[in-house]
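# Take a look and give me a structure for this.
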Amino acid sequence: MLAWEDRLSRADTDRVIRPFEWGLNWLGIDAEHPDPARRLADYAHEAAAHSVEFFGCTTPHDFELHGNSLRFTSPVVSPYPENNTVWAEWFEAPKANGRAVLVIPQWNSDDGSHIGLCRLLQKVGISSLRLSKAYHHRRKPPEIRRADYHVSANLGRTIHATRQSVLDARCCLDWFASQGYLRIGIIGTSLGSCVALLTVAHDRRVKSAVFNHVSMRFSDVVWTGASCRHIQTSLHANVTLDELQAAWSVISPATYLHLLQGRDLESLLIWGRYDTTFLPEFSQQVLDEFRRRKLSHKVVTLPCGHYSLAKRPFVWMDGYAMVNFLRNTL
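The predicted model follows:
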């Protein structure tokens, strides 16, 4: 299994090694600060302490549904016009009875990613909306082939992009409410799982959440994960793990798990025993913390890895677990 996972993780040959940047300018911080590591850590600490404001936004006024595609302006402005328009694909179930699920795919997902899952939800009577995260699908600037601007060795831009995806997700929940959907769930896979947890932590409207791949810290996955080898080349030569953990604490699930306590929320945690991107030790930390905090949850452990989860029979097992959980909890 580990050998298969390694082959799958190396299949993509278009990964670009980009230069390391602190990226303070992406966060409105003086780019010439004499101690950028310390300044970025201070920024992350302050933003996390005021995360209600950091992950808060007003409802867009330009929701437009074109066929099955929902479009609106992102609350976060980036230098790329394509990225500032949010797109999401809508799958309405005729007898949803107020049930709707926001689906957030993995990093570098293609245009068809999770569409099959949405159609399966539709068949069991749950409407769903597949969100295109920042720099994905139609939001990708023309100069990049992959969604490199969402996760990269530019630390500030990675924070900016992740915040943008979270706010875009919350706007999708606003749209659900405007359409009369009050029994709301969320599915996040890989990077989408992180975005989903940050969204759920700051939006009490979500009643059922599926976190498909789990890890406590954003930094740990990028520092060690097989899918981030090209980023590690730049990171390891320019920043320490401690500095990276401090900088990206503001976009790490570990920082906000306390916000899930005392909530009317059911969670499903899915992890792979042979995952070389979200290492099992990091997933186990999440399971332990959910138990320690007495958060209502179920766990599915799959005998596969990160990439092999998309292959049969594991993708069937994964899909069944997610759909069955949401059908029973919404």
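# Glu281 looks like it's in a helix, true?
Yes: under DSSP: H, G, I helix; E, B strand; the rest coil, Glu281 sits within a helix.
# what about it, neighbour count?
11 (other Cβ atoms under 10 Å). Backbone N, C-alpha and C define where each C-beta goes, glycine included.
# mind listing what the residue nearest to Leu295 when sequence neighbours are not counted touches?
The spatially closest residue to Leu295, leaving aside those adjacent along the chain, is Leu260, at 5.4 Å (Cβ to Cβ, 6 or more residues apart in numbering). For Leu260, the contacting residues are Val200, Ala201, Ser267, Arg293, Leu295, by Cβ atoms under 8 Å, 6 or more residues apart in numbering.
# separation between Leu260 and Phe211?
11 Å (Cβ to Cβ, to the nearest Å).
# what's the neighbour count on Ala2?
No, residue 2 isn't Ala; it's Leu. 11.
# so it touches Gly272, yeah?
No: assessed by Cβ atoms under 8 Å, Leu2 is found out of contact with Gly272, at 11.0 Å.
# Identify the contacts common to these two.
Common neighbours of Leu2 and Gly272 (Cβ under 8 Å, 6+ apart) are Gly305.
# Scan the protein for its longest helix.
Longest helix of the chain, by residue count under DSSP state H: helix 155-178.
# returning to that earlier point: mind checking which of the contacts of Leu260 land in strands?
Ser267 (DSSP state E).
# The stretch 51-200 of the chain: helices as residue ranges?
51-54, 115-123, 155-178, 191-201 (DSSP state H, counting those that start in this stretch).
# and these, which is most packed in?
Mean neighbour count, computed with mean count of other Cβ atoms under 10 Å, is highest for helix 191-201 among these, reaching a mean of 28.
# The following helix or strand past it - what's its average pLDDT?
Proceeding N to C from helix 191-201, the next assigned helix or strand is strand 206-212, under DSSP states H and E. Strand 206-212 carries an average pLDDT of 98.
# so what does the helix or strand that strand 206-212 is followed by touch, helix or strand wise?
Under the assignment DSSP H and E, the closest C-terminal helix or strand after strand 206-212 is helix 218-224. When contacts are defined as 3 or more Cβ pairs under 8 Å, 6 or more residues apart in numbering; DSSP states H and E, helix 218-224 sits against helix 229-235, helix 241-247.
# center of this protein, which residue is that?
Gly192 (2.4 Å; Cα atoms, centre = their mean).
# ok, back up a step: joint contacts of Leu260 and Phe211?
Common neighbours of Leu260 and Phe211 (Cβ under 8 Å, 6+ apart) are Ser267.
# returning to what we had before: ok now the longest helix of the chain, how far from the chain's centre?
Relative to the chain's own centre, helix 155-178 is displaced by 10 Å; criterion: Cα atoms, centre = their mean, to the nearest Å.
# For that helix, output the C-alpha coordinates as PDB.
What follows is helix 155-178, C-alpha atoms only, in PDB (Å, rounded to 0.1, in the frame of the first residue of the first chain):
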ATOM      1  CA  LEU A 155       3.500  32.200   3.800                       C
ATOM      2  CA  GLY A 156       1.300  35.300   3.800                       C
ATOM      3  CA  ARG A 157      -0.400  34.400   0.500                       C
ATOM      4  CA  THR A 158      -1.300  31.000   1.900                       C
ATOM      5  CA  ILE A 159      -2.900  32.600   4.900                       C
ATOM      6  CA  HIS A 160      -4.700  35.100   2.600                       C
ATOM      7  CA  ALA A 161      -6.000  32.300   0.300                       C
ATOM      8  CA  THR A 162      -7.200  30.100   3.100                       C
ATOM      9  CA  ARG A 163      -9.000  32.900   4.700                       C
ATOM     10  CA  GLN A 164     -10.600  33.700   1.400                       C
ATOM     11  CA  SER A 165     -11.800  30.100   0.900                       C
ATOM     12  CA  VAL A 166     -13.300  30.100   4.400                       C
ATOM     13  CA  LEU A 167     -15.200  33.400   3.800                       C
ATOM     14  CA  ASP A 168     -16.400  32.200   0.400                       C
ATOM     15  CA  ALA A 169     -17.700  29.000   2.200                       C
ATOM     16  CA  ARG A 170     -19.600  31.100   4.700                       C
ATOM     17  CA  CYS A 171     -21.100  33.100   1.900                       C
ATOM     18  CA  CYS A 172     -22.400  29.800   0.400                       C
ATOM     19  CA  LEU A 173     -24.100  29.100   3.700                       C
ATOM     20  CA  ASP A 174     -25.700  32.500   3.500                       C
ATOM     21  CA  TRP A 175     -27.000  31.500   0.100                       C
ATOM     22  CA  PHE A 176     -28.400  28.300   1.600                       C
ATOM     23  CA  ALA A 177     -30.300  30.300   4.200                       C
ATOM     24  CA  SER A 178     -31.700  32.700   1.500                       C
END
